[in-house]
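Q: based on what follows, work out the 3D shape:
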Amino acid sequence: MSDWRSLDPAALERGYNARATVADVDAELRAYREASLPMYDRLPCQRDLAYGPSPDETLDLFPVPDDPAAPLLVFIHGGYWRALAKEDSVFMASQLVGQGIGVAAINYTLAPQARLPQIIDQCRRAVAWLYRQRAAASASPGPLLVAGSSAGAHLAAMVLAPGWQAAHGLPPHAVQRGVLVSGLYDLEPVSRTLPQSWLQLTPQEVQECSPQHHLPAGTCQLQVFVAAQDTAEFKRQSRDYAQACRAQGHAVDFQEVASRNHFDIILDWMLPDTALTRSVAALARA
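A: I've put the predicted structure just below:
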């Protein structure tokens, strides 16, 4: 299923260098914050809710007014596990809340201050906290969707993975819907490229932290996206994960979004009639 081992070291490095696919990566990343900050003034928001004891373990929640049972999209930001924050991650709030879908954005401790297993645990605990809060607020809460882009899609896929839910007080199939954008699902090739300098993954962590080796249980509904301008390796990773989930019986839709790059693809969530926005609406009401 994977042909990354046939690449020479330079080609493999290029395959995981998303920054090199755009002319000005700093401008791409600034666009997230510039589009997100107005949401805090425009919409009701519960800021800096603590899901754990660490100062980094907070989230921002944009509820649907007067509807505690509304579906909720939980977004996990990317940044190769070492950059960005929840304040860069709520640009979709106005569009989705307007459609009756709440939005939550998670903060987590960035690498190298935190190792990847700790980051995964933080994201899982944040989702578990939200799940319990919603169960307490409504007898029949709407679906909880987990979403992420790039490294955030990896973290979202690890939330969808089985085996951790009981330890956090969740039923085994608490989260069964996901939207994964330009993600990373097999960390072995990643561990042989530049991100290893801040991840410092051990062979055991490569195995334990790779969603490709920990596919969801039960029956999930997944939307897996890549950008037309993503590298071949990012596209392959998404295809392989989508195919493996489909082979296991999950309902998986894989799409390549034209005229979008690794960074601006998720800004499509700000618009009403895009593949990303339609995917969230469909999963929220399925």
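
Q: mind listing the helices for the stretch 151-286 of the chain?
A: All helices of the stretch 151-286 of the chain, identified by DSSP state H, counting those that start in this stretch, fall at 151-160, 187-190, 196-199, 203-208, 232-247, 275-285.

Q: quick one: closest of those helices to Arg14.
A: Checking the helices of the stretch 151-286 of the chain against Arg14 by CB to CB gives helix 232-247 as the closest, at 8.3 Å. No exception for glycine: its C-beta is placed from N, CA and C like everyone else's.

Q: in the closest one, what counts as buried?
A: Using 16 or more other CB atoms under 10 Å as the burial criterion, the residues of helix 232-247 that qualify are Glu233, Phe234, Lys235, Arg236, Gln237, Ser238, Arg239, Asp240, Tyr241, Ala242, Ala244, Cys245.

Q: what of stretch 63-74?
A: Neighbour counts over stretch 63-74 (16+ other CB under 10 Å) mark Pro63, Val64, Ala70, Pro71, Leu72, Leu73, Val74 as buried.

Q: ok, now stretch 253-267?
A: Across stretch 253-267, burial judged by 16+ other CB under 10 Å covers Asp253, Phe254, Glu256, Val257, Arg260, Asn261, His262, Phe263, Asp264, Ile265, Ile266, Leu267.

Q: so what's the third one bridging to?
A: Applying DSSP bridges to Glu256 gives these bridge partners: Val226.

Q: so it sits against Lys235, correct?
A: Yes. If you go by CB atoms under 8 Å, Glu256 and Lys235 touch, sitting 7.2 Å apart.

Q: need the overlap of contacts for the two.
A: Counting by CB atoms under 8 Å, 6 or more residues apart in numbering, the shared contacts of Glu256 and Lys235 are Val226.

Q: one step back: between the buried residues of stretch 63-74, which is nearest Ala284?
A: Lowest distance from Ala284 to those (CB to CB) belongs to Pro71, with 3.7 Å.

Q: pLDDT at Tyr185, what is it?
A: pLDDT, Tyr185: 98.

Q: so who does it touch?
A: Counting by CB under 8 Å, 6+ apart, Tyr185 has contacts His154, Ala157, Ser210, Pro211, Gln212, Gln237, Ser238, Asp240, Tyr241.

Q: just Glu205 next, same as before
A: Contacts for Glu205 (CB under 8 Å, 6+ apart) come out as Arg115, Leu116, Pro117, Leu187.

Q: measure it to Ile76 for me?
A: With distances taken as CB to CB, to the nearest Å, Glu205 is found 19 Å from Ile76.

Q: for Ala147, same thing?
A: Ala147 is 7 Å from Ile76, where distance means CB to CB.

Q: quickly list what's touching both of the two.
A: Here Ala147 and Ile76 share the contacting residues Ala153, Ala156, scored by CB under 8 Å, 6+ apart.

Q: mean confidence for stretch 251-265?
A: Average pLDDT, stretch 251-265: 98.

Q: how far off centre is that stretch?
A: Counting by CA atoms, centre = their mean, to the nearest Å, stretch 251-265 is centred 14 Å from the centre of its parent chain.
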